[in-house]
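Chemist: quick one, fold the following:
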Amino acid sequence: MNLRPIIFSFLLVFSFGFSLNAQQDNIIITEDQSSVIFEDQLILIEGTLTECDNKTQGIDNSYVILKITNKTQQARNFNIHQDLFYDGVCSTCNSDEYLFNFSLTPGQVLKGTCYENNQSLKLYHSMPEHLSPVKLTDYQLSVTHL
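Modeler: Modelled structure (predicted):
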């Protein structure tokens with residue numbers, strides 16, 4: 001029995017896992033205090049301004065990371081439309097690209113992270129001013145229960 005392909009596969013998977021771990025370890029995350037963005041009897045949406053300093057990729061961006069909580073013991077389906085204002089101008093108003101559908105199980109909590117590309121739970125805020133002066137100056141989340 002030739003073990004060479006098995007050993008090679010193991011080493012490949014091991015090194016890939018180490019690479020992902022090393023990239024995540026090289027991200028410095030600084031969070032401000034969370035604030036309530038939206039709340040009704042069914043769901044709670046909180047936002048936290050978060051600095052995501054990725055030393056590996058040379059990216060130092062800040063985001064508003066969203067946390068959505070189903071406050072009920074029933075499954076919930078709803079849409080959220082993000083109106084994002086950069087330097088006072090709404091860049092996403094009337095755009096279906098910023099309309100996101102959610103389905104939460106009873107008591108489920110969804111929270112964005114610095115690592116993901118999913119913009120439904122992570123609102124771009126800014127990068128260092130010498131790279132781009134554009135900043136998120138306001139945002140509104142419109143929630144529609146389905």
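
Chemist: identify the residues contacting the closest residue to E116 other than its chain neighbours.
Modeler: When the adjacent residues along the chain are set aside, E116 lies closest to K122, with 6.5 Å between them (CB to CB, 6 or more residues apart in numbering). Heads up, the C-betas are built off the backbone N, CA and C, glycines and all. Counting by CB atoms under 8 Å, 6 or more residues apart in numbering, K122 touches Y63, V64, I65, L66, G112, T113, C114, E116.

Chemist: check contacts around the nearest residue to the fifth one once chain neighbours are set aside.
Modeler: The shortest distance from G112 to any residue other than its chain neighbours is 3.0 Å, reached at L121 (CB to CB, 6+ apart). By CB under 8 Å, 6+ apart, the contact list for L121 reads I65, L66, I68, L110, K111, G112, T113.

Chemist: low-confidence ranges in the chain?
Modeler: For the chain, applying pLDDT under 70 flags the ranges 1-29, 31, 57-58.

Chemist: D60 contacts S126, correct?
Modeler: No - taking contacts as CB atoms under 8 Å, D60 lies outside contact range of S126: 9.7 Å.

Chemist: P128 belongs to a strand?
Modeler: No - assigned with DSSP: H, G, I helix; E, B strand; the rest coil, P128 falls outside any strand and is coil.
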